[in-house]
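Student: model this:
(2 chains)
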Amino acid sequence: MTAVAGPTATAGRGSGRRVREAIAAYLLLAPSFVVFALFFFWPLWGLIHNALHQKNIQGTAEKWVGSKQLVDTLTGEEFRQGLGVNVKFLVLTVPIGVVLGVLLAMSAHRRLRGIKIFQTIFSSTVASSVAVSAVVFLTIVNPEIGIFRDVGWLSFDRPFSALTAVSLSSIWRNLGLTFVIVLAGLQAVPDEVVEASLLDGYGPVRRFFRITIPLISPTLLFLAVVLTVDAFQAYAQMELLTGGGPAGGTETILFKITRLLQPKDVGEGSSMALGLFVITGLVAAAQFGVLNRRVHYGD
Amino acid sequence: MAIESAVTHTDPMAPDRKLPPEAASPERSHRSALRKAGWYVLLSALSLVVLFPLYMTIVRAISNPSKALLTGGAHLTPIDAEWDSFTRAFNEGNLGRPLLWSLAVTLVIVGGQLLTSLFAAYAFAFLDFPFKRVLFGVVVATLLLPIEVTLVTNVETFQDWGWIQPNQNGGQAFGALTLPFLATAIGIFLIRQGFLSVPRDLRDAAALDGYGHLRFLWRVAIPVSRPIIASFVLISFLGAYNQYVWPSASVRTQMYNTIQLTLRAVTGQRLDQLNIPFAAAIVASIPVLVLLIAFQRHLVRGLTAGAVKG
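Tutor: Model (predicted):
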């Protein structure tokens, strides 16, 4: 017998063995949990602490302010403006992102010679980071060198058109991911269901809305939540394309938080972060809640 | 749960997956040939739309910057294109150093995540211990803590340690860039899933042969879960290499910019070096593109699972 406990733990082999196994398990978990504690859970605690305290200008001393700072920040002009940008950005990117994902996946989900090439092309944008996609779209929407520089509804002079221009880069970047996810959903649809609908004389349009969409609705829901969370965390594309302008008109909440990392500002920054965290969670939960009732899970 | 359901759609681009049945009766073959041509036209048109921004980026990167500027900038084809423009952009933009720096940071993160995830996944899959379910819940809970939650306090932590400060040295920057990412719930979750698929017989056989934990992990569990581990390594690489928010908050010395931060640094610089940002975007994409082409299947599996993180 080796001294080390083997891979199969059979119950009732004596408590010494069980204790050794538990110790081994905790040792194996320790590295991950140290990282989680230091860089995930401690920050959550720190965020709440920061939101409830106010620091002096040097950041050397702090005093308890209760919920005052949190309430002031979350009802303040800055946060409301940032939230407005996030919500507009969400509306500009999520629905069209899902629709384009379905379009690409429906087109590429068929038996054709060379279909793999098209599938590779459609999924290729997963390779670009947010920053890369922003630089790529400088060639399209930049006011000096972009090929659409004279297109009014993509102009950087007004907040909404500037945000529309930024949203193009995000929609494009997310195409690869949405395509891959919807394609996976389509391939999970059983053959028999499609065959049955053909026998029932369903045409392509009716089949799409009556069969395909309901069957892939869990995938679409998942996708909508992923894209929504992504839209709430938008930052790099604004920084690189518009710099947050014009006049802060494309500054998302995360954009503002990154400008509030100095010691004297962390109270405000943390309050905004808590607000964003809770709002993102609520919206994602609402999406699951509302859509869940309409979503077909195949039972 | 979304993660679970996503994990089950694995590998949508595998050739043996189900496809809609083709209605192929001989008298309709003419119509179906037409329809096929129609699909190719549509697929090609969509491909052009998807690839157009990349095409424009390449056009910009290889065009002669000063001559391109004379046209007002909005040109659809390369102007005075020469390979030299690209290599000059690479040198003048100093793109080599941040690329290597990024690769080093990424490799340490991927290696660290792989190691910590293998250990933790082993414990969750094969060992029995008190509070197992609670601790697994704690792991999953980290998925619900996005960057905005961790950003502010993590910056404070590293400021307290003196690692984030105006004249940080290379070691401090490297530590700040890597340390918070050395463990990940996605890795634990995916690899545990792979480990759970190790057949019972194999476990019994290994136990009979007197395998210890390490030998079982190395000789049985890892080989059996190799595809899922490969998927995890790829999405881990993608996530670490492409990240922007944390590096932009933690690097205070331009010398230690990752390639993603370099994109910001070279954007909006001098007008006569207009091709540099685009060359930089291409350089930044190359490592990921290589991986995407080489390991597409693994990447797809990983993405449909890892998409949870957003």
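Student: Can you show me the strands along the stretch 51-200 of chain A?
Tutor: Along the stretch 51-200 of chain A, the segments classed as strands by DSSP state E, counting those that start in this stretch run A:53-55, A:62-64.
Student: can the ones you listed go into JSON lines with extra columns for mean pLDDT?
Tutor: What follows is the strands of the stretch 51-200 of chain A, written out as JSON lines (pLDDT from 0 to 100):
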{"stretch": "strand A:53-55", "mean pLDDT": "87"}
{"stretch": "strand A:62-64", "mean pLDDT": "86"}
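Student: neighbours around the closest residue to A:Thr120 other than its chain neighbours, how many?
Tutor: Excluding the flanking residues, the one nearest A:Thr120 by C-beta to C-beta, 6 or more residues apart in numbering or on different chains is B:Gln296, at 6.7 Å. C-beta: built from backbone N, CA, C; applies to glycine. A count of nearby residues for B:Gln296, using other C-beta atoms under 10 Å in any protein chain shown, gives 19.
Student: from memory B:Gln296 sits against A:Phe122, does it?
Tutor: No: when contacts are counted by C-beta atoms under 8 Å, B:Gln296 is not listed as touching A:Phe122 (11.9 Å).
Student: Between those two, which contacts overlap?
Tutor: Overlap of the contact sets of B:Gln296 and A:Phe122 (by C-beta atoms under 8 Å, 6 or more residues apart in numbering or on different chains) is empty.
Student: ok, A:Ser123 - contacts?
Tutor: A:Gly176, A:Phe179, A:Val180, B:Met13, B:Leu292, B:Gln296, B:Val300.
Student: any idea which residue sits dead centre in the chain?
Tutor: Using chain A. Nearest residue to the geometric centre of chain A (C-alpha atoms, centre = their mean): A:Asp230, 2.5 Å.
Student: That was the other one, I meant chain B.
Tutor: Note: chain B centre (C-alpha atoms, centre = their mean) maps to B:Leu238, 1.1 Å.
Student: ok, that one to B:Val50 distance?
Tutor: For B:Leu238, the distance to B:Val50 (C-beta to C-beta, to the nearest Å) stands at 19 Å.
Student: Now the strand or helix carrying A:Arg18: average pLDDT?
Tutor: For A:Arg18, the enclosing helix or strand under DSSP states H and E is helix A:15-36. In this model, helix A:15-36 has a mean pLDDT of 93.
Student: what does stretch A:84-102 give?
Tutor: Mean predicted lDDT for stretch A:84-102 stands at 96.
Student: mind checking pLDDT for the closest residue to B:Thr178 other than its chain neighbours?
Tutor: Nearest non-adjacent residue to B:Thr178, counting by C-beta to C-beta, 6+ apart: B:Val108, 4.8 Å away. B:Val108 is assigned 98 on the pLDDT scale.
Student: what do you get for the one 4 residues further on?
Tutor: Turning to B:Gly112, the model gives it a pLDDT of 98.
Student: now swap in the one 10 residues further on and tell me
Tutor: Looking at B:Tyr122, its pLDDT is 95.
Student: Can you list the low-confidence ranges for the stretch 1-150 of chain B?
Tutor: B:1-28, B:71-74 (pLDDT under 70).
Student: mind listing the helices in it by residue range?
Tutor: For the stretch 1-150 of chain B, the helices defined by DSSP state H, counting those that start in this stretch occupy B:2-8, B:29-62, B:65-70, B:83-92, B:96-126, B:132-141, B:147-161.
Student: what does the stretch 1-150 of chain A give?
Tutor: According to DSSP H, counting those that start in this stretch, the helices that the stretch 1-150 of chain A contains are A:15-36, A:42-52, A:68-75, A:77-108, A:115-123, A:130-141.
Student: Specify the residue ranges that define each domain of chain B.
Tutor: B:25-92, B:94-310 (automatic domain parsing).
Student: nearest to A:Ala284, of these?
Tutor: Across the domains of chain B, A:Ala284 has its closest neighbour in domain B:94-310 (9.3 Å, C-beta to C-beta).
Student: Next, the residue nearest to the centre of chain A: secondary structure please.
Tutor: helix (DSSP: H, G, I helix; E, B strand; the rest coil).
Student: doesn't A:Asn174 make contact with it?
Tutor: Yes: the criterion here is C-beta under 8 Å, and A:Asp230 meets it with A:Asn174 at 7.0 Å.
Student: Give the residues shared as contacts by these two.
Tutor: With C-beta under 8 Å, 6+ apart, A:Asp230 and A:Asn174 have common neighbours A:Thr93.
Student: Residue 101: neighbour count?
Tutor: Let's take chain A. Residues near A:Gly101, counting by other C-beta under 10 Å: 26.
Student: try again with chain B
Tutor: 22.
Student: Could you do B:Asp160 as well?
Tutor: B:Asp160: 9 neighbours (other C-beta under 10 Å).
Student: how near is it to B:Pro277?
Tutor: Going from B:Asp160 to B:Pro277 by C-beta to C-beta gives 35 Å.
Student: Give me the nearest residue to A:Ala231, chain neighbours excluded.
Tutor: That would be A:Leu90: by C-beta to C-beta, 6+ apart, it lies 4.0 Å from A:Ala231.
Student: Pull the contacting residues for the one you found.
Tutor: Going by C-beta under 8 Å, 6+ apart, A:Leu90 touches A:Thr228, A:Ala231, A:Phe232.
Student: any chance of those residues in TSV, plus pLDDT?
Tutor: As requested, these are exported to TSV (pLDDT from 0 to 100):
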residue	pLDDT
A:Thr228	93
A:Ala231	95
A:Phe232	95
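Student: which residues touch the residue nearest to A:Asn86 when sequence neighbours are not counted?
Tutor: Nearest residue to A:Asn86, sequence neighbours excluded (C-beta to C-beta, 6+ apart): A:Thr252, at 5.1 Å. If a contact means C-beta under 8 Å, 6+ apart, then A:Thr252 has A:Gly82, A:Val85, A:Asn86, A:Phe89, A:Ala234, A:Tyr235, A:Met238 as its contacts.
Student: Mean neighbour count, the domains of chain B: which tops it?
Tutor: Of those, the one with the most neighbours on average (mean count of other C-beta atoms under 10 Å in any protein chain shown) is domain B:94-310, at a mean of 20.
Student: mind checking how far B:Tyr40 is from chain A?
Tutor: Remark: distance between B:Tyr40 and chain A (C-beta to the nearest C-beta, to the nearest Å) = 7 Å.
Student: With B:Leu115 instead?
Tutor: 7 Å.
Student: Now for that residue: which residues touch it?
Tutor: So B:Leu115 contacts A:Pro31 (C-beta under 8 Å, 6+ apart).
Student: Would you map the helices across the stretch 151-299 of chain A?
Tutor: So, for the stretch 151-299 of chain A - with DSSP H, counting those that start in this stretch - the helices run A:159-187, A:191-199, A:204-207, A:213-232, A:236-241, A:253-258, A:266-292.
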